[in-house]
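Trainee: Predicted model and sequence below, questions to follow.
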Amino acid sequence: MLQVTVLLPSGCCETLSLPEFSTVGDLKLLAQRSLRRGFLQLVTMDGHVLTNLMDSLHAAGVQEGAHLMAVVQEAKVASSRTAFALWCYGGNQVVAWGNPGAGSDCAAVQDQLRNVQQVQATALAFAAILAHGSVVTWGNPFYGGDCSAFQDQLRNVQQIHAAEYAFAAILADGSVVAWGDPRTGGDCSSVQDQLTNVQQIQATTCAFAAILADGSVVTWGNPEEGGDCSGVEDQLRNVQQIQATAYGAFAAILANGSVVAWGHPEYGGDCSAVEDQLRNVQQIQSTSGAFAAILADGSVVTWGNPEEGGDCSGVEDQLRNVQQIQATAYGAFAAILANGSVVAWGDRDRGGDCYAVQTHLQKVKQIQATDEAFAAILADGSVVAWGNSDRGGACSAVQDQLRNVQQIQATTGAFAAILADGSVVTWGRPDYGGDCSAVQDQLRNVQQIQATTGAFAAILADGSVVTWGRPDYGGDCSAVQDQL
């Protein structure tokens, strides 16, 4: 047996015993378990970082009686619809769990995941950018989990963007490579020669829109859901930013503050009825089927499906000095005014009616949303919720616990709040993460929370991970616990 001592910067240390034929990966896992720390990077006393987990300890220069430093790396979490992927910047490992069909198994590409810089996800697949600009994918091939046909083109990748079924990568030279379902954004060959000097990309569920350096726009994907902008192409000049509805429409803000929309007309692709009002637009927010634009004077203009927030006429006189707007996926907007009060509209049962809690909505700092409910953090750290009570719209059962709330994360049906002391309070659908009682005693010193549609993953200060919610949506990480 080989004796190796591993030390943390705090001075805490453990002497570990391993078989002489063990690998760096074996030592790392044992160190993480023994020191109760996640995502450790091992460094020799002369400063050599042990990056290749497959190396034998002998090949890595780790001898009997060696002392190694262990550095806790900052963990990051990406999520598809029903799976999580845990990684750290510059790391040589990704740990995934959740639904097997949604990217929870990256074993086949684990040896390729070296120097990971960024991880992005479609609904059921993941894509990682490595340090030298290449890409590694895993998950459902139909959703972009297989980029092998484009591997030789994926060089010097700077950014990756995702629609529901496809990825689009911007390369260093400003060109674009897309893969995944060819009908919904995974094939940009028809516009490939136009995709030059691309600056940013936005996506609906089934289409992409790219802004070029000259301010023009190129689109591809399902033509009925925003993949064809030919009807407004001559208007798309000096575009500054683009927003999208999930149901298939884009809205572009031009340099002069006007807006051009295209895609599915019922879900925001036609703004002609309010076009003359769309002046000096500062930002745009969206539900799945409608847009809301904040103008420079703090007023709001909406369009799209009236039942999903596309008609704010009922509260128009209240929408003054609007600072920001939040949206539920299925049909409601909530605007924070300069005085800290809130105005809501859209589907009344899904967050569009806040009358019952209106008097409590004072000094609101931020708002988070599930698919059908809102939760507002007030200046005193308390929380007010409204909307579908089954989806997080009622927090009365935990109201007395919601003190000094710092941030809130959401699945489609539940909320999780991080308090100032690092503990967590949840509410909403129990099976979608609204009940964390089974792991409550583990939720200490929580730094961040990420979510799939039905589960939460909390990263603690020591780098460990705690999950809850639907097991098949990532709420059970026990199968990979020794890697975390």
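Mentor: Yep, that arrived. Residues are numbered from 1 along each chain as shown.
Trainee: What segments of the stretch 201-350 of the chain are strands?
Mentor: 207-212, 217-221, 239-245, 249-254, 259-263, 281-286, 290-295, 300-304, 322-328, 332-337, 342-346 (DSSP state E, counting those that start in this stretch).
Trainee: Provide the strand pairings for the fourth one, with the direction of each partner.
Mentor: In other words, strand 249-254. strand 239-245 (antiparallel), strand 259-263 (antiparallel) (DSSP bridges).
Trainee: With the second one instead?
Mentor: Strands adjacent to strand 217-221 in the sheet, as given by DSSP bridges, are strand 207-212 (antiparallel).
Trainee: show me what contacts the spatially closest residue to G340 that is not a sequence neighbour?
Mentor: Nearest non-adjacent residue to G340, counting by C-beta to C-beta, 6 or more residues apart in numbering: K363, 4.1 Å away. The C-beta positions use only the backbone N, C-alpha and C, and glycine is treated the same way. Residues counted as contacts of K363 (C-beta atoms under 8 Å, 6 or more residues apart in numbering) are 340, 378-380.
Trainee: just checking, which of the residues you listed belong to strands?
Mentor: In strands, defined here by DSSP state E, the members of those are L378.
Trainee: any weak-confidence spans in the stretch 1-150 of the chain?
Mentor: 38 (pLDDT under 70).
Trainee: Helices of the stretch 1-150 of the chain, start to end?
Mentor: 24-35 (DSSP state H, counting those that start in this stretch).
Trainee: Then the stretch 301-450 of the chain?
Mentor: Under DSSP H, counting those that start in this stretch, the stretch 301-450 of the chain gives no helices.
Trainee: any weak-confidence spans in the stretch 151-300 of the chain?
Mentor: Short version for the stretch 151-300 of the chain, where the test is pLDDT under 70: none.
Trainee: Could you export the strands of the stretch 201-350 of the chain as TSV, including mean neighbour count?
Mentor: As requested, those are arranged in TSV below (neighbours: other C-beta atoms under 10 Å):
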stretch	mean neighbour count
strand 207-212	26
strand 217-221	26
strand 239-245	21
strand 249-254	26
strand 259-263	26
strand 281-286	20
strand 290-295	26
strand 300-304	26
strand 322-328	21
strand 332-337	26
strand 342-346	26
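Trainee: Tell me which of the ones you listed lies nearest to A75.
Mentor: A75 sits nearest to strand 322-328 of all these, at 26.9 Å, using C-beta to C-beta.
Trainee: In the contacts of K363, which residue is surrounded by the most others?
Mentor: L378 (18 neighbours; other C-beta atoms under 10 Å).
Trainee: Please report how far that one lies from K363.
Mentor: 5 Å (C-beta to C-beta, to the nearest Å).
Trainee: got it, and V424?
Mentor: 23 Å.
Trainee: From T328, how far off is the closest residue to Q483 other than its chain neighbours?
Mentor: Distances taken as C-beta to C-beta, 6+ apart put V95 closest to Q483, at 4.7 Å, once the chain neighbours are dropped. Going from V95 to T328 by C-beta to C-beta gives 31 Å.
Trainee: Who is V177 paired with across the strands?
Mentor: Assigned bridge partners for V177, using DSSP bridges, are A169.
Trainee: going forward can the numbers begin at 258, since that is how I track them
Mentor: Will do, 258 is the new start, and the previous item becomes V434.
Trainee: what's the neighbour count on it?
Mentor: Quick note: V434 (other C-beta under 10 Å) scores 22 neighbours.
Trainee: cool, G555 as well?
Mentor: For G555, the tally of surrounding residues (other C-beta under 10 Å) stands at 15.
Trainee: isn't it right up against Q575?
Mentor: No. Applying C-beta atoms under 8 Å as the test, G555 and Q575 come out as separate, 11.5 Å apart.
Trainee: circling back: out of the strands paired with strand 506-511, the one nearest Q539 is which?
Mentor: In terms of C-beta to C-beta, the element of these nearest to Q539 is strand 496-502, at 10.1 Å.
Trainee: tilt between the closest one and strand 579-585?
Mentor: On the basis of axes from the mean of the first three to the mean of the last three C-alpha atoms, to 10 degrees, strand 496-502 is oriented at 40 degrees to strand 579-585.
Trainee: what's the offset of stretch 630-644 from the middle of its chain?
Mentor: Remark: stretch 630-644 is offset 21 Å from the chain centroid, using C-alpha atoms, centre = their mean, to the nearest Å.
Trainee: distance between the ends of that stretch?
Mentor: 4 Å (C-alpha to C-alpha, to the nearest Å).
Trainee: Which positions within it qualify as buried?
Mentor: 630-635, 639-644 (16 or more other C-beta atoms under 10 Å).
Trainee: closest to A518 among those?
Mentor: F631 (25.3 Å).
Trainee: quick one: the closest one and I541, what's the gap?
Mentor: Distance from F631 to I541, by C-beta to C-beta: 19 Å.
Trainee: Over to G726?
Mentor: Where I541 is concerned, G726 sits at a distance of 31 Å (C-beta to C-beta).
Trainee: Ok, A426 next?
Mentor: Counting by C-beta to C-beta - A426 and I541 are separated by 25 Å.
Trainee: Ok, Q456 next?
Mentor: 18 Å.
Trainee: same check, this time on D554
Mentor: 16 Å.
Trainee: what's the answer for D610, then?
Mentor: On the measure of C-beta to C-beta, D610 and I541 end up 23 Å apart.
Trainee: Ok, Q492 next?
Mentor: Q492 is 16 Å from I541, by C-beta to C-beta.
Trainee: do T441 as well
Mentor: 23 Å.
Trainee: Kindly report the same for Q416.
Mentor: If you go by C-beta to C-beta, the gap between Q416 and I541 works out to 21 Å.
Trainee: what do you get for L287?
Mentor: From L287 to I541 the distance is 51 Å (C-beta to C-beta).
Trainee: Kindly report the same for F383.
Mentor: F383 is 28 Å from I541, by C-beta to C-beta.
Trainee: Does A470 touch N454 like I think?
Mentor: Yes. Contact criterion C-beta under 8 Å: A470 and N454 qualify, at 3.8 Å.
Trainee: Now for these two: what residues contact both?
Mentor: In contact with both A470 and N454: G431, using C-beta under 8 Å, 6+ apart.
Trainee: Identify the residues contacting V489.
Mentor: V489 sits in contact with 517-519, where contact means C-beta under 8 Å, 6+ apart.
Trainee: Wait, N309 touches A317, no?
Mentor: Yes. Applying C-beta under 8 Å, one finds N309 in contact with A317, separated by 7.3 Å.
Trainee: Pick out whichever of these two has more residues nearby.
Mentor: The neighbour comparison of N309 against A317 (other C-beta under 10 Å) goes to A317, with 21 against 15.
Trainee: Just to check, the more buried one is in contact with V281?
Mentor: Yes. Shown here, A317 and V281 form a contact pair, counting by C-beta under 8 Å, at 5.2 Å.
Trainee: which residues are common contacts for these two?
Mentor: Joint contacts of A317 and V281 (C-beta under 8 Å, 6+ apart) are 307, 309.
Trainee: Appreciated, that's everything.
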